[in-house]
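Colleague: fold the following for me, if possible:
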Amino acid sequence: MRHLFFLLGGFMVTACGHAQGPGEIPDLGALVSAEAPLETVLETYVSGADAARTGVITTADAWRTAWAAIHRHQLPPPEAPAVDFARRSVVLDGLGPPTDGAMNRITRVRVHERGVVVEVTVTVPGRHCVIVQVVGSPVHAVSVPQVPAGLTAYAQRTRVVRECECPGPWFRRVSCWPAGASWTPRRSPAPRRRAPGSASRCWTSRRPGPC
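Modeller: Reported below is the predicted structural model:
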């Protein structure tokens, strides 16, 4: 078992969480809510989350602490969305860094007597997709009808590959040397100088794309 926590100095959100595959969820007792309606309150690719974690937040203080920790790299952090914890709770899932372009999204929350099952779709880029060169730590948080405090959250993640069209020949460059400038042919160690008044030397180079 892992405790969901986002470190920010001495702050810690205390909710429990597991990351499980299909068929690995223990017996959690009777189903209380088969499919709670979800409202996204946070979806970000870059965050202060330091590891893959899932949990349930049931108090306003814990929500403020988690929000500040998630946005600890932003000064000042954005204002946290208002959540009425008298009627609702927040279910949160973070993939942790690095993710190489992967994004997570909570698609279903099932509340049982002794735990909460959080179904998460993790979308990863295919071999032809362009990946932003940023160390990602995606977090998705949703508001759901109130969940009893103290229940452990179990993440059930499904991996989906997002295919992208092949960009084709993507290296195409025109290179020129102005008249009279020095240039070195690829197979010659000595530079050559074009005569004054002569035309520029230009050519187009192409490299095949990854397909």
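Colleague: for this protein, what spans make up the helices?
Modeller: When assigned using DSSP state H, the helices of the chain occupy the ranges 60-70.
Colleague: in it, which segments are predicted with low confidence?
Modeller: With pLDDT under 70 as the threshold, the chain has low-confidence stretches at 1-23, 132, 166-211.
Colleague: all strands for it, in order.
Modeller: Listed in chain order, the strands found in the chain under DSSP state E are 2-4, 15-20, 31-33, 39-44, 53-57, 88-94, 103-112, 115-125, 139-145, 153-162, 171-177, 182-183, 192-193, 201-207.
Colleague: neighbouring strands - and their directions - for the fifth one?
Modeller: Here strand 53-57 has these sheet partners by DSSP bridges: strand 88-94 (antiparallel).
Colleague: before we move on, what about the third one?
Modeller: Each strand that strand 31-33 pairs with, and the sense of that pairing, follows from DSSP bridges: strand 103-112 (antiparallel).
Colleague: so the strand it pairs with versus strand 153-162, what angle?
Modeller: Regarding strand 103-112 and strand 153-162, their directions subtend 140 degrees when assessed with axes from the mean of the first three to the mean of the last three CA atoms, to 10 degrees.
Colleague: just the CA trace of strand 103-112, in PDB.
Modeller: The C-alpha atoms that make up strand 103-112 are tabulated as PDB, following Å, rounded to 0.1, in the frame of the first residue of the first chain:
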ATOM      1  CA  MET A 103      -1.500  11.500 -20.300                       C
ATOM      2  CA  ASN A 104      -3.900  10.000 -17.700                       C
ATOM      3  CA  ARG A 105      -7.600  10.500 -17.400                       C
ATOM      4  CA  ILE A 106     -10.000   9.100 -14.800                       C
ATOM      5  CA  THR A 107     -12.900   7.500 -16.700                       C
ATOM      6  CA  ARG A 108     -14.900   5.800 -13.900                       C
ATOM      7  CA  VAL A 109     -15.100   5.700 -10.100                       C
ATOM      8  CA  ARG A 110     -16.700   2.800  -8.300                       C
ATOM      9  CA  VAL A 111     -17.200   3.100  -4.500                       C
ATOM     10  CA  HIS A 112     -17.300  -0.100  -2.500                       C
END
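Colleague: and for Pro78, nearest residue in space, chain neighbours not counted?
Modeller: With sequence-adjacent residues excluded and distances taken as CB to CB, 6 or more residues apart in numbering, Pro78 is closest to His71, at 6.3 Å. From N, CA and C alone the C-beta is placed, and that goes for glycine too.
Colleague: how near is the closest residue to Ala51 other than its chain neighbours to Val90?
Modeller: Once its chain neighbours are removed from consideration, Ala51 has its nearest residue in Gly96; the separation is 4.2 Å (CB to CB, 6+ apart). Using CB to CB, to the nearest Å, one gets 18 Å for the distance from Gly96 to Val90.
Colleague: what's around the residue nearest to Val124 when sequence neighbours are not counted, how many residues?
Modeller: If the residues on either side of it in the chain are set aside, Val124 comes closest to Ala102, at 4.5 Å by CB to CB, 6+ apart. Residue crowding around Ala102 was assessed by other CB atoms under 10 Å; the count is 18.
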